[in-house]
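K.L.:
Structure for this input, please:
(2 chains)
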Amino acid sequence: MSPKDKKLVLAGLAICIIIAVLAPFIASSNPDGLEKTAEDVSTTEESGIYEAPMPDYTIPFLGEDNPYGGIMALVVGVLITLGLGYIAAIFLKRRNASQQ
Amino acid sequence: MHIPNGFIPLWQCAIYFVILIVALYFSQKWARKNLDEKSVPLMAVLAAGIFAIMSMNIPIAFGTSGHMVGGALVALVFMAPEAAVIIFTLVLLVQGLFFGDGGITTIGANVLNMGIIGGFVGLFTFKALRKSIGKIPAIAIASWLSIFLAAEAVAVEMWLAGTFPLVPGLEMMGLYHALIGIIEAVLTVVVIMGLESVRPDLLAWNRKKNVEEVKSESMEAAAK
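P.N.:
Got it, this is the predicted structure:
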């Protein structure tokens, strides 16, 4: 990675971390547009066929309303997507010998 | 606008998964042709950024909240909706698997709405408007329209699934996301113009400019 690209990754990461830190304080627990519409015009409920380890961006053992749990969950998510994006792009990019 | 598990019957989920697989096939073909060394960190940063903005629900009117999506943003940075398909597949997988935001069974539908529809609408609206109204207004309108139409697509899918009646679904999803669209438009303009000023080399429209100019010149010549 060139120094310019390193800067890009660090700057992007910094912005994501800022969002993650602010999120528990700014973010709304109101239902989103889709959930609200579902509440108002439908009887369908979300099915519980799958339990995510960090449901709704909380860390269960830290408690649902713990803002530090929320920040940690988001930071974990940012790092996972950053890593996955990097790996996927390496695999998919031009002049790659491994064809799927 | 992440559709949770249970909102779409499984047989319909299967159709959306088929659409996703076809879209991923074309996207990986695009990537093998167009993604270079420089695109790798950009792709990673965009995936993380899209995760962050989609995870934060901002309060909007009427007791609801909503989040930005960024489908148009990704498609405009790469000038390719295929990039949005790849990034949204990754982000929605992470959101669904780790955070229960959006279902697992509905990943196909969610990528269709936010990545495919969001990316295509964003890119092609921008392309259609850029010359007549200028770059920045075109980015703003394209990104507003991309989130609005993605939301309306959700309403149609919810109707096909038998979850929402059609008209109230279209009205409510449309109204909420017309509001979020304003934030989406501002964010998309800020990020793209920010990249344009610090790293113009990363934006596909600067890289492809020469190729496009040559192409349109040769087409004009052919027309004469």
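K.L.:
Pick out the residue closest to the middle of chain A.
P.N.:
residue A:77 (4.2 Å; CA atoms, centre = their mean).
K.L.:
repeat for chain B
P.N.:
Within chain B, and using CA atoms, centre = their mean, the residue nearest to the centre is residue B:71, at 1.8 Å.
K.L.:
what about the helix or strand of chain A with the lowest mean pLDDT, near chain B?
P.N.:
Least confident element among the helices and strands of chain A, by mean pLDDT, DSSP states H and E: helix A:33-41 (a mean of 85). Yes: between helix A:33-41 and chain B, judged by CB under 8 Å from any CB of the partner chain, the touching residues are A:33-38, A:40-41. Quick note: C-beta positions are derived from backbone N, CA and C, even for glycine.
K.L.:
Strands of chain B, start to end?
P.N.:
B:58-60, B:64-66 (DSSP state E).
K.L.:
Can you say which of these is packed in most?
P.N.:
Neighbour counts (mean count of other CB atoms under 10 Å in any protein chain shown) averaged over each of the strands of chain B peak at strand B:64-66, with a mean of 24.
K.L.:
Does anything pack onto it? Which helices or strands?
P.N.:
helix A:33-41, strand B:58-60, helix B:166-198 (3 or more CB pairs under 8 Å, 6 or more residues apart in numbering or on different chains; DSSP states H and E).
K.L.:
So which bits of the first one are buried?
P.N.:
Right, the one you point to is helix A:33-41. A:33-38, A:41 (16 or more other CB atoms under 10 Å in any protein chain shown).
K.L.:
Can I get the strands of chain B in TSV including mean pLDDT and distance to residue B:41?
P.N.:
Putting the strands of chain B into TSV (pLDDT from 0 to 100; distance: least, CB to CB, whole Å) gives the following:
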stretch	mean pLDDT	distance to residue B:41
strand B:58-60	84	28
strand B:64-66	86	29
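K.L.:
residues contacting the closest residue to residue A:6 other than its chain neighbours?
P.N.:
Among residues not flanking residue A:6 along the chain, residue B:41 sits closest, at 7.8 Å (CB to CB, 6 or more residues apart in numbering or on different chains). Going by CB atoms under 8 Å, 6 or more residues apart in numbering or on different chains, residue B:41 touches A:1, A:5-6, A:8-9, A:86.
K.L.:
In helices only, show me these.
P.N.:
Mapping these onto helices (DSSP state H) picks out A:5-6, A:8-9, A:86.
K.L.:
so who does residue B:17 touch?
P.N.:
Residue B:17 sits next to B:107-108 when contact means CB under 8 Å, 6+ apart.
K.L.:
If we use 6 Å, what do you get?
P.N.:
residue B:108 (CB atoms under 6 Å, 6 or more residues apart in numbering or on different chains).
K.L.:
Please report the distance of it from chain A.
P.N.:
According to CB to the nearest CB, to the nearest Å, residue B:17 stands 16 Å off from chain A.
K.L.:
and that residue, what pLDDT?
P.N.:
pLDDT recorded at residue B:17 is 97.
K.L.:
Nearest to residue B:153 among the buried residues of helix A:33-41?
P.N.:
Of all the buried residues of helix A:33-41, residue B:153 sits closest to residue A:34, with 11.6 Å by CB to CB.
K.L.:
Now that closest one. Nearest residue, chain neighbours left out?
P.N.:
Nearest non-adjacent residue to residue A:34 (CB to CB, 6+ apart): residue B:1, at 5.1 Å.
K.L.:
Touching, that neighbour and residue A:35? I think so.
P.N.:
No: judged on CB atoms under 6 Å, residue B:1 makes no contact with residue A:35 at a distance of 9.6 Å.
K.L.:
still on that earlier bit, just the buried residues of helix A:33-41 now: which is nearest chain B?
P.N.:
residue A:33 (3.4 Å; CB to the nearest CB).
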